[in-house]
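[1] Here you go, sequence then predicted model.
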Amino acid sequence: EETDRSVGAIIDKLKELGLQKKTLVLFISDNGGLDKYTSQRPLRGDKVTLYEGGIRVPMIASMPGKIAAGKTSVEPVSGIDFYPTICTFMGVKPTDPKKVDGEDLTKLIFSGKSLGERNLFWNFPSYNSPEDPAKCPRSVMRRGDWKIHHRYEDNGYELYNLKEDISESKDLSKTRPKILKMMRKELEASYDRFGAVKTLKPNPDYVPAP
């Protein structure tokens with residue numbers, strides 16, 4: 001409710017100043033909802049998990065006269081795409097183009113042109129609820145319809161086809177070995193590209209609760 005009021009206040013001010021048709025408004029959530037307050041069904045998981053319920057969120061782009069109202073897209077994008085998109089929209093270059101991780105979304109937003117297949121990578125090498133395996137350290141990567149999970153505690157993998165199984169209920173890691181091998185290779189490349197943590201050493205000071 002508070003978000004709705006705040007965004008509304010910005011839009012109202014743009015209208016008041018006559019700037020709405022000259023302004024690109026981008027809205028995105030930072031994570032999925034928390035189970036005790038809302039439901040992500042049919043998505044699995046919630047906030048602080050890397051299942052779709054924790055990372056698949058809405059994005060809205062608005063610019064009256066430039067973007068058709070009610071138009072939808074299923075293109076996977078990320079918050080890291082905002083920086084290069086805003087740079088292009090403003091007619092400026094990124095400070096250091098080699099360090100830009102995201103993709104420019106202007107052609108997708110204004111012309112509906114697909115970005116093509118690409119890797120999207122999430123790295124969460126920390127604990128939130130140690131008693132919940134879904135909220136323990138892991139990384140995931142999506143490429144097209146395929147998504148791989150790498151669990152740090154047992155160095156195990158999960159593989160899902162999101163087009164056929166948006167609920168991530170059917171782990172295909174044992175039945176699609178070629179796809180798993182390809183996805184593991186791409187995942188390793190993502191670790192290297194971002195210098196991401198991919199292993200965790202046990203904490204010598206950890207004392208389990210009685």
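    Received it, and whenever you're ready, just let me know what you need.

[2] And the residue nearest to Val140 when sequence neighbours are not counted, how far from Thr85?
    The shortest distance from Val140 to any residue other than its chain neighbours is 4.4 Å, reached at Leu50 (Cβ to Cβ, 6 or more residues apart in numbering). For every residue, glycine as well, the C-beta is placed using N, CA and C. Using Cβ to Cβ, to the nearest Å, Leu50 is found at 24 Å from Thr85.

[3] Could I get the full set of strands for this protein?
    Taking DSSP state E as the test, the strands found in the chain are 25-28, 59-62, 119-124, 138-143, 146-151, 157-161.

[4] Would you mind listing the buried residues in stretch 116-129?
    With burial defined by 16 or more other Cβ atoms under 10 Å, the residues of stretch 116-129 counted as buried are 120-124, 127.

[5] What is the nearest of those to Gly65?
    Each of those was checked against Gly65 using Cβ to Cβ; the closest is Leu120, at 30.7 Å.

[6] That closest one and Arg142 touch, don't they?
    Yes. Using Cβ atoms under 8 Å, Leu120 makes contact with Arg142 at a distance of 4.6 Å.

[7] Overlap in contacts, the two.
    Residues touching both Leu120 and Arg142 (Cβ atoms under 8 Å, 6 or more residues apart in numbering) are Pro76.

[8] Pull the top helix by length along the chain out as PDB, backbone CA atoms only.
    With secondary structure taken from DSSP state H, the chain has its longest helix at helix 177-194. Taking only C-alpha atoms (Å, rounded to 0.1, in the frame of the first residue of the first chain), the coordinates of helix 177-194 have been written out as PDB:
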ATOM      1  CA  PRO A 177      22.800 -35.500 -18.100                       C
ATOM      2  CA  LYS A 178      23.700 -33.600 -21.300                       C
ATOM      3  CA  ILE A 179      21.700 -30.500 -20.300                       C
ATOM      4  CA  LEU A 180      23.100 -30.700 -16.800                       C
ATOM      5  CA  LYS A 181      26.600 -30.900 -18.100                       C
ATOM      6  CA  MET A 182      26.000 -27.900 -20.300                       C
ATOM      7  CA  MET A 183      24.400 -25.900 -17.500                       C
ATOM      8  CA  ARG A 184      27.200 -26.700 -15.100                       C
ATOM      9  CA  LYS A 185      29.700 -25.400 -17.600                       C
ATOM     10  CA  GLU A 186      27.800 -22.200 -18.100                       C
ATOM     11  CA  LEU A 187      27.400 -21.900 -14.300                       C
ATOM     12  CA  GLU A 188      31.200 -22.300 -13.800                       C
ATOM     13  CA  ALA A 189      31.800 -19.500 -16.400                       C
ATOM     14  CA  SER A 190      29.400 -17.300 -14.400                       C
ATOM     15  CA  TYR A 191      31.400 -17.900 -11.200                       C
ATOM     16  CA  ASP A 192      34.600 -17.000 -13.000                       C
ATOM     17  CA  ARG A 193      33.100 -14.000 -14.700                       C
ATOM     18  CA  PHE A 194      31.800 -12.400 -11.600                       C
END
